[in-house]
Every structure is written in C-alpha cells, then in structure tokens.
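Trainee: okay, structure incoming, though there's no sequence with it:
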Ligand code: PTJ
C-alpha cells in the first residue's frame, strides 16, 4: 500500500510528542534549525550537547537551588537602574518568545552579543527576536558599539552593556563575566555547568536549562514586581551565591548516587 507522507501536528521534525525525550529532541532541532539559518554558530551545537550532559546530572528539572538564584536574579533586575539581557545564538534559537516576554515584563532591553562573528548572524538573530515580538534590541548597529576593556573576543563589542549596571548572560563562554565584573557590573549567569568560569565569576548563578529558567523567571517576575524596593533588597541580601553553588553540587552528587542505585536495580534483573 502506498504511504502518504504528511506532517502530523503531533510531531516535530518527525519526533512524536509521545516520545519520552520529546522536549529534549524538540530543543535539539531548534538548535539545528538555528544553525542552518545562521542564528546559531556551528560551535553552538557542541555547546548545546555539553549543556544536555549537565542537564542530565541535575535531573533535567529546575532544582530548589536554581529557584533561589532565579528569585535573587529577578530581584536584582527589578532593583537595577540599567539592566540588560545579553542574547547569543543559542539563547535566541531556544527561547526567543520567552526572552522577549521577560524583557517586556521587566522593561529591560535585549542586546545581541555573539562570540562567533559571521556575516549575517546579527541580522538573523535580530529577525528571530523581532518575529517573537521584540521591540527594544540593542547591539545591532556596529557604529554604536564600543569595546569592553580586558576582552579580546568578539564579545568585547558592546552597546548598552557598556553602561549597564546589571547584565544577564545566558549560556556564556568564560572570559566575559570576568571582564564585566572588573568593570563593576553585577552579572547574572544562566549556565548548566555549575563550575564553569562564568558560573563561578557571576554574582548570581542560575544552574538551569535556559528553556526552563526563563519561563520560571517570568513567573517569578510577575510575583516580585508587586514588592517594594526594600523587600527586593532583602531578597537579594539573603542570597549567597557561593553556598548556593555548593548546594547545587551536593544535589548533583545525590542525584548521581540515586541514579547508581536505580541502575543497579535494573542490572540485577
Ligand atoms: O552565539 P555565539 O556566537 O555567542 O556562541 C554561543 C556559544 C554557546 C556557542 C558560546 O558562547 C560558547 O562556546 O559557549 P561555551 O563555552 O560552550 O559555554 C556555554 C555554556 O552554556 C556551557 O557551560 C554549557 O554547559 C552551557 N549550556 C549549554 N546549553 C545550555 C547551557 N546552559 C543553560 N541552558 C542551556 N540550554
């Protein structure tokens, strides 16, 4: 019998929604599509794979330590005078709508800042953000860019980030957080690797997948925006990034121990 090939609405790139790893595969395909249309750098595929590995060892869920960091991060963004959310290729490909929603809710601009420069990439990222509803996008005009001191990579070229007091950097490569800190900026990182240089240098480290962290931040922002400045400052002052990273590492160790037990149960059968 001849088969008629149609795209089933319960599928994404041929992956049925009932597939046990549907979400993970859906985001993989967003990264692959992003690479094909210049949004994502080739190295972004590798970075995503590394992220998946770290996601696995935190249990592929937003942990209680991530939630604490998210609350502190939202408080910091609400208190900030000139906050900004830095957006690279992977972030734009994975969660464009959520980034725009958060930026609008907190009235914070998005700034495109990429490590791997390639002709057409900024435009492709701008397009995907605009398609998602973004109206305030910085970092698109080479003439307005200045260079950050202490950085040699393409990330040194910044626009609004230069004057910002709080910079959120999702999925970052190591060196920029250090440079931003030296310029007295508060840095919020979203990084699945709790011991990356970015994670360790940041003031607030959210160890979570950006695909869960940004929606969680949106929920949190809707609650915290009702608080007054004093209450927000209290949330921020109570947060201790170093102990939160330590607690995250303990969660990972416990998770691996549990996985070991579970694996042995299966192996014994
Ligand atoms: O678009 P560009 O040119 O700015 O390049 C973006 C990448 C991500 C390719 C670039 O910044 C890079 O090479 O980053 P690294 O050094 O691989 O670091 C990325 C970090 O993000 C790693 O620690 C990963 O574990 C982590 N990561 C990967 N995927 C996710 C993630 N963290 C949160 N959510 C993810 N989905």
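Mentor: Great, that's in hand. On a predicted model such as this, the values are computed, not experimentally measured, just so you know. Numbers count the residues shown, from 1 in each chain.

Trainee: now do the contacts for the residue in the chain that the ligand sits nearest to.
Mentor: Closest contact between the chain and the ligand, by Cβ to the nearest ligand atom, is at residue 51 (2.2 Å). Where C-beta positions appear, they are placed from N, C-alpha and C, glycine not excepted. Each residue near residue 51 by Cβ atoms under 8 Å, 6 or more residues apart in numbering is listed here: 171, 192-193, 209.

Trainee: rerun at 6 Å
Mentor: With contacts defined as Cβ atoms under 6 Å, 6 or more residues apart in numbering, the neighbours of residue 51 are residue 192.

Trainee: list the contacts for residue 220?
Mentor: Contact criterion Cβ under 6 Å, 6+ apart gives 70-71, 74 as the residues in contact with residue 220.

Trainee: which of those residues fall within helices?
Mentor: 70-71, 74 (DSSP state H).

Trainee: now for the closest residue to residue 22 other than its chain neighbours, how many residues are close by?
Mentor: Residue nearest to residue 22 in three dimensions, not counting chain neighbours: residue 15, with 6.0 Å by Cβ to Cβ, 6 or more residues apart in numbering. Burial of residue 15 is recorded as 17 neighbouring residues (other Cβ atoms under 10 Å).

Trainee: which residues are in contact with the helix or strand where residue 124 lies?
Mentor: Taking DSSP states H and E as the criterion, residue 124 maps to helix 121-131. Applying Cβ under 6 Å, 6+ apart, the set of residues contacting helix 121-131 from outside is 37-39, 92, 96, 112, 114, 137, 140.

Trainee: go again using 10 Å as the cut-off
Mentor: Contacting residues not belonging to helix 121-131 are listed as 34, 37-41, 87-89, 91-93, 96-97, 99-100, 103, 110, 112-114, 118, 134-137, 139-142, 154 [Cβ atoms under 10 Å, 6 or more residues apart in numbering].

Trainee: rewinding a little: reformat the contacts of residue 220 as a markdown table; add distance to residue 83 and neighbour count.
Mentor: Converted to a markdown table, the contacts of residue 220 look like this (distance: Cβ to Cβ, whole Å; neighbours: other Cβ atoms under 10 Å):
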| residue | distance to residue 83 | neighbour count |
| --- | --- | --- |
| 70 | 15 | 24 |
| 71 | 16 | 22 |
| 74 | 11 | 28 |
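
Trainee: can you narrow the residues you listed to ones near the ligand?
Mentor: The residues of the contacts of residue 220 that also fall near the ligand, by Cβ under 6 Å from any ligand atom, amount to none at all.

Trainee: please identify the buried residues of stretch 57-65?
Mentor: Along stretch 57-65, these residues count as buried under the neighbour rule (16 or more other Cβ atoms under 10 Å): 57-58, 62-63, 65.

Trainee: in helices, which of those fall?
Mentor: 57, 65.

Trainee: could the buried residues of stretch 57-65 be laid out in TSV, adding pLDDT and distance to the ligand?
Mentor: As requested, the buried residues of stretch 57-65 are arranged in TSV below (pLDDT from 0 to 100; distance: Cβ to the nearest ligand atom, whole Å):
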residue	pLDDT	distance to the ligand
57	96	11
58	97	10
62	98	11
63	98	13
65	98	14
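
Trainee: next one, pLDDT for residue 11 please.
Mentor: pLDDT, residue 11: 57.

Trainee: start at 22 instead
Mentor: Got it, first residue is 22 now, which makes that one residue 32.

Trainee: and the helices in the protein?
Mentor: Listed in chain order (using DSSP H), the helices of the chain are 43-57, 63-78, 85-100, 110-115, 117-127, 142-152, 196-203, 218-222, 231-245, 250-259, 262-289.

Trainee: show me where pLDDT drops low in the chain?
Mentor: For the chain, the stretches flagged by pLDDT under 70 are 22-33.

Trainee: which residues of it lie near the ligand?
Mentor: 62, 64-65, 68-69, 71-72, 75, 109-111, 115, 135-137, 192-194, 211-214, 217, 230-232.

Trainee: filter those to the buried ones?
Mentor: Of the members of these, the ones counted as buried by neighbours, 16+ other Cβ under 10 Å, are 62, 65, 68-69, 72, 75, 109-111, 115, 135-137, 192-194, 211-214, 217, 230-232.
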